[in-house]
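K.L.:
just coords:
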Ligand SMILES: C[S@@+](CC[C@H](N)C(=O)[O-])C[C@H]1O[C@@H](n2cnc3c(N)ncnc32)[C@H](O)[C@@H]1O
């Protein structure tokens with residue numbers, strides 16, 4: 001996502017990821033798009049920037065890689081400390097839907113890559129196993145957890161959308177698209 005954001009804004013973009021393979025993909029795509037990026041291997045829980053940022057965003061439901069409240073709280077505090085006053089933090093995450101979980105649990109799926117999901121409801125966790133054996137987990141969060149994280153980090157909710165077309169968030173929404181702001 002760093003590439004389209006750099007193209008759309010014309011601003012310097014720093015891309016942080018803990019995965020060297022993902023950074024390599026970003027490097028390749030930036031070269032193809034003739035875009036300059038500052039790509040850094042790092043953990044979002046340790047986020048630090050040289051100058052306070054106008055915008056920090058965590059796309060692709062990336063915050064769901066963090067297993068615990070403590071991990072998320074720490075990340076939000078690092079983000080708040082890295083924003084300039086008035087700066088924004090934006091992210092998206094799915095809203096857990098038990099109908100979808102019941103349908104997908106244990107089923108092989110082909111998109112975006114062949115994989116199988118297992119739902120561990122007691123730990124609000126989805127274990128995803130790729131057909132090549134690689135495993136990864138996501139921990140879903142509720143609306144009140146997101147609002148709580150905004151509050152404890154000293155941020156303010158600016159917008160909560162139910163999708164990328166800025167749909168209003170309502171009881172039927174299945175995606176949190178959140179914009180928070182440092183006062
Ligand atoms: C859905 S991908 C988003 C990919 C990419 N960052 C982008 O913007 O297109 C989520 C990414 O989060 C990264 N990730 C997972 N845990 C992380 C952590 N604690 N700190 C930083 N990155 C992490 C994964 O390596 C993965 O590449």
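P.N.:
Ah, there it is. Predicted, not measured: the structure shown is a model, and the values here were computed from it. Residues are numbered from 1 along each chain as shown.

K.L.:
Neighbours of the residue in the chain that the ligand sits nearest to, how many?
P.N.:
Sorted by distance to the ligand under C-beta to the nearest ligand atom, the residues of the chain start with residue 60, at 2.9 Å. Placement of C-beta: from N, CA and C, glycine included. The local packing of residue 60 (other C-beta atoms under 10 Å) involves 11 other residues.

K.L.:
Spatially central residue for this structure, please.
P.N.:
residue 62 (2.9 Å; C-alpha atoms, centre = their mean).

K.L.:
The closest residue to residue 69 other than its chain neighbours and residue 121: what is the separation?
P.N.:
Setting aside the residues directly before and after it, residue 69 is nearest to residue 145 in space (C-beta to C-beta, 6 or more residues apart in numbering), at 7.4 Å. Relative to residue 121, residue 145 is positioned 15 Å away (C-beta to C-beta, to the nearest Å).

K.L.:
can you check residue 114 too?
P.N.:
As defined by C-beta to C-beta, residue 114 lies at a distance of 24 Å from residue 121.

K.L.:
now swap in residue 177 and tell me
P.N.:
With distances defined as C-beta to C-beta, the gap from residue 177 to residue 121 amounts to 24 Å.

K.L.:
More neighbours: those two, which one.
P.N.:
The residue with the greater number of neighbours, taking residue 177 and residue 121 and applying other C-beta under 10 Å, is residue 177; the counts read 19 against 12.

K.L.:
pretty sure the more buried one is in a strand, no?
P.N.:
Yes - checked against DSSP: H, G, I helix; E, B strand; the rest coil, residue 177 lies within a strand.

K.L.:
related to what we said a few turns ago, checking the residue of the chain closest to the ligand next. Helix, strand or coil?
P.N.:
Secondary structure of residue 60, reduced to three states by three-state DSSP: coil.

K.L.:
any idea how far it lies from residue 47?
P.N.:
Applying C-beta to C-beta to residue 60 and residue 47 gives a distance of 16 Å.

K.L.:
What residues are bridge-paired with residue 139?
P.N.:
Using DSSP bridges, the bridge partners assigned to residue 139 are residue 125.

K.L.:
returning to that earlier point: my guess is the residue nearest to the centre of the chain contacts residue 91, does it?
P.N.:
Yes - taking C-beta atoms under 8 Å as the definition, residue 62 is a contact partner of residue 91 at 7.3 Å.

K.L.:
Check whether the lengthiest strand in the chain comes into contact with the ligand.
P.N.:
What stands out as the longest strand in the chain, according to DSSP state E, is strand 83-94. No - against the ligand, strand 83-94 shows no contacts by C-beta under 6 Å from any ligand atom, the least distance being 10.0 Å.
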